[in-house]
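[1] What follows is a protein structure lacking sequence information:
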């Protein structure tokens with residue numbers, strides 16, 4: 001019975017000593033994974049900026065097309081007969 005008791009006490013002590021070491025372990029210790037995650041976040045940010053720029057450019061193009069500053073300077077008919 002004393003051997004079983006010492007075995008149980010030893011297992012409890014070993015568990016108590018291993019617990020702080022387990023708590024310090026990080027899940028993302030791999031530097032390549034950290035770099036890959038950072039690169040993915042950077043790519044997503046760039047893609048978001050690109051899409052926002054495209055939307056802004058399309059909106060500006062529609063507004064520019066609607067406001068033609070040379071509309072009054074052109075004639076109503078550009079046929080070759082009048083030239």
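    Right, received. Where do you want to start? Computed from a predicted structure; not experimentally measured.

[2] For the rest of this, base every contact and every neighbour count on C-alpha atoms.
    Will do.

[3] longest single helix anywhere in this protein?
    helix 31-66 (DSSP state H).

[4] What are the buried residues along it?
    Using 16 or more other Cα atoms under 10 Å as the test for burial, helix 31-66 gives no buried residues.

[5] average model confidence for that helix?
    The average of the pLDDT scores along helix 31-66 is 86.

[6] which strands and helices sit next to that helix?
    Under the contact definition 3 or more Cα pairs under 8 Å, 6 or more residues apart in numbering; DSSP states H and E, helix 31-66 sits against no other helix or strand.

[7] Could you report the distance from residue 46 to residue 35?
    From residue 46 across to residue 35, the span is 16 Å (Cα to Cα, to the nearest Å).

[8] Sorry, wrong one. I was asking about residue 55.
    Residue 55 is 30 Å from residue 35, by Cα to Cα.

[9] Over to residue 2?
    Relative to residue 35, residue 2 is positioned 53 Å away (criterion: Cα to Cα).

[10] do the same with residue 17
    Counting by Cα to Cα, the gap from residue 17 to residue 35 is 33 Å.

[11] same check, this time on residue 6
    47 Å.

[12] can you check residue 12 too?
    39 Å.

[13] Assign residue 72 to helix, strand or coil.
    coil (DSSP: H, G, I helix; E, B strand; the rest coil).
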